[in-house]
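Chemist: I would like the atomic coordinates for the input below:
(2 chains)
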Amino acid sequence: MGKAIHLELRYPNLAITDYNVTSPKSQEYNCFAWAAGDQARWWQPTPEDEFYWVEGVQMEETLSAYIQAYQTLGYEPCDKETSEIGYAKIALYVNEDGVPIHAARQLPTGKWTSKLGALEDIEHELLPSH
Amino acid sequence: MTYKLIEILYERGTHEDNAVILENVVDEFQEKFNKLADKWTQDVEGMSSTIEMTKHPVYQEIINMGEAVIPLMLKDLSQNPIYWLPALRQITQENPVHPEQRGKIKLMADAWLSWGKEKGYIV
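Modeler: Residues are numbered from 1 along each chain as shown, chains lettered A, B, ... in the order given. Predicted coordinates:
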């Protein structure tokens, strides 16, 4: 689907990297769901908003809660973003307070796939922040 | 919503035709909501955390418009289901979403639309 100027204006780093829009806009799922391979639900650990969260995992917006959520799918913490044969990887982005604000999933090509909030999905290089 | 508008009519203390004033007040209210919603959407549509989205001061301003804004949110739910779910919860302190619907945005929006009909917000 190519590049999108409205995304580059919102995320200036995109303009200086190689990326490709891979879906239309959707409010059906967010990046945390997309990283888990779920296109049917919006993942959010906030009990008062009643979005989906993994059963048995702490319902709080912390890095450890998100790591636990992905661990239920078989992921384990690692410290290298490089592609490794036989492994799928998820990168979690946190804000200055350590609160997860984005997740991206690595593709077999070594590139990453992200859902941008209520906007499109993109295939991209791993960026320091989105 | 009616009570709120009547209060505004009294505050204005005018002799103009009440129906016209009422219509103008409704239009102004709708316009205010649309402007705030557009600004907020522009700022947050790339965010994945509804907590981040709802912290935005403009979203709080919309919530502070109170119960009268509920019909406008319900009207916009079919176009933008994700945006108004937290606000509806916050304003109404109610939760019509069943556990099996959690995270399924269209079903969550449908639950709120049914709630709106039941409560008389949608005619």
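Chemist: my guess is residue B:68 meets residue B:29, correct?
Modeler: Yes: using CB atoms under 8 Å, residue B:68 is in contact with residue B:29, at 6.6 Å. In short, each C-beta sits where N, CA and C put it, glycine included.
Chemist: Which stretches in chain B count as helices?
Modeler: For chain B, the helices defined by DSSP state H occupy B:2-12, B:18-44, B:50-55, B:57-63, B:70-76, B:81-92, B:105-119.
Chemist: Same list, those helices, but as TSV with distance to chain A please.
Modeler: Output for those, formatted as TSV (distance: least, CB to the nearest CB, whole Å):
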stretch	distance to chain A
helix B:2-12	25
helix B:18-44	7
helix B:50-55	5
helix B:57-63	13
helix B:70-76	12
helix B:81-92	4
helix B:105-119	5
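Chemist: who wins for proximity to residue A:100 among these?
Modeler: Residue A:100 sits nearest to helix B:50-55 of all the helices of chain B, at 10.2 Å, using CB to CB.
Chemist: what sits up against the closest one?
Modeler: Residues outside helix B:50-55 that contact it (CB atoms under 8 Å, 6 or more residues apart in numbering or on different chains): A:42, A:44, A:46, A:49, A:51, A:61, A:99, A:101, B:44, B:47, B:59-60, B:82-83, B:85-87, B:90.
Chemist: Just the buried subset of those, please.
Modeler: Among those, those classed as buried by 16 or more other CB atoms under 10 Å in any protein chain shown are A:42, A:44, A:46, A:49, A:51, A:61, A:99, A:101, B:44, B:47, B:59, B:82-83, B:85-87.
Chemist: ok, the residues you listed vs residue B:115, which is closest?
Modeler: Of those, the one sitting nearest to residue B:115 (CB to CB) turns out to be residue B:85, at 11.6 Å.
Chemist: which one is the residue of chain B found nearest chain A nearest to, not counting chain neighbours?
Modeler: Distance from chain A to each residue of chain B (CB to the nearest CB) is smallest for residue B:103, at 2.5 Å. In space, not counting the residues next to it along the chain, residue B:103 is nearest to residue A:52; the distance is 2.5 Å by CB to CB, 6 or more residues apart in numbering or on different chains.
Chemist: hang on, the one you found packs against residue A:45?
Modeler: No: taking CB under 8 Å as the definition, residue A:52 is not a contact partner of residue A:45, at 9.3 Å.
Chemist: got the residues of chain A near chain B?
Modeler: Residues of chain A lying near chain B by CB under 8 Å from any CB of the partner chain: A:7, A:10-11, A:27-33, A:40-44, A:46, A:48-53, A:61, A:99-103, A:115-119.
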